[in-house]
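> got a sequence here, can you model it:
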Amino acid sequence: MNPRSSHGGRHELGQNFLRHQPTVDLIVDLVARTSGSILEIGAGDGALTVPLAGLGRDLLAIDVDEHQVRRLARRLPHVAVQRRDVLSTDLSTPVIVGNIPFHLTTPVLRRLLAARGWASAILLLQWEVARKRAGVGGATMMTAQHWPWFTFELRARVPAERFWPVPSVDGGLLLVTRRDQPLVPTGERGGYQELVRAVFTGPGSGIAGILRRLHPDLPTDELLVAAAVDRQALPRSLTAEQWSSLWVAVRSAARRPTRRTGSRRRRPG
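Reported below is the predicted structural model:
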């Protein structure tokens, strides 16, 4: 039998199988605290699939490697194991879990954060990506753009030698949870995310200077006071609550009529 998948070998598939029982136990424990059916991404040789099946919940395990899928399906006949590509799979299952191929970390995250229906995601990613998504050392634009609807929590660092084959970087366990009550209405997502993008990519460093250049017709100092944001704060240092409050302040100020003409100001984003 050809050991290579039709998608390629381990290198092309980004296969790094988890070989660390404490990390497996932590992932399964986090999943056990959730409710609903489970979708496992990148099931591989079943290091997570086997203990997840023991939770007694509906479980769909997917992988693009047909050989791994065939072996795992024989090993776990009571579990739905299917050959699927995560980038074309419906991600509306309540709980998403998986050891994500490192080369697919960003596209999988982007697709997941755009999907509806799921409530919790427990993901083993590249360490630096997991760290950045959790806002450790400062938030990235991607994190800030999704904070009103999700929380990101870094739960563990997994040394590279706990995988096989050994990757060149460590792994990080990230817990993503959809907020029960969004900080910004879903219908305002586009405007909010455009404001965050504009601030992160705008010229200048301090938030006051960046906002003044972006919206010279709005009262910058008043907006920052309303959002409880320091004038010299950097975009990466703002919290989820501050970003959401800043959006509300900017949106409200843009809707106020000008004193001179009574016309409505241009909306941001």
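> gap between the residue positioned nearest the centre of the chain and Leu125?
Using CA atoms, centre = their mean, the residue of the chain that lies closest to the mean C-alpha position is Leu109, 4.8 Å off. Per CB to CB, to the nearest Å, Leu109 is found 8 Å from Leu125. For glycine as for every other residue, the C-beta is placed from the backbone atoms N, C-alpha and C.
> list the residues that contact both of these two?
Residues touching both Leu109 and Leu125 by CB atoms under 8 Å, 6 or more residues apart in numbering: Arg133.
> pLDDT weak spots in the stretch 1-150 of the chain?
Within the stretch 1-150 of the chain, the segments meeting pLDDT under 70 span 1-14.
> repeat the analysis, applying 90 as the threshold.
Counting by pLDDT under 90, the stretch 1-150 of the chain has low-confidence residues at 1-15, 103.
> ramachandran angles for Trp147?
Here is the backbone geometry of Trp147 (degrees, to the nearest 10): phi -60, psi -40.
> if I look at the closest residue to it other than its chain neighbours, how far off is Glu222?
Of all residues not flanking Trp147 in the chain, Ala240 sits nearest, at 3.7 Å (CB to CB, 6 or more residues apart in numbering). According to CB to CB, Ala240 and Glu222 sit 22 Å apart.
> okay, these two: which has more neighbours?
Just comparing Ala240 and Glu222: by other CB atoms under 10 Å the higher neighbour count belongs to Ala240, 21 against 11.
> quick check, that one in contact with Pro148.
Yes - if you go by CB atoms under 8 Å, Ala240 and Pro148 touch, sitting 6.7 Å apart.
> okay, helices next: where are they in the stretch 1-150 of the chain?
10-13, 21-32, 49-53, 66-75, 105-114, 127-133, 141-146 (DSSP state H, counting those that start in this stretch).
> redo the ones you listed as CSV? Include distance to Asp170.
Below are the helices of the stretch 1-150 of the chain laid out as CSV (distance: least, CB to CB, whole Å):
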stretch, distance to Asp170
helix 10-13, 19
helix 21-32, 11
helix 49-53, 22
helix 66-75, 23
helix 105-114, 13
helix 127-133, 4
helix 141-146, 19
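> check contacts around the closest residue to Phe102 other than its chain neighbours.
Of all residues not flanking Phe102 in the chain, Gln126 sits nearest, at 4.9 Å (CB to CB, 6+ apart). Going by CB under 8 Å, 6+ apart, Gln126 touches 102, 105, 169-172.
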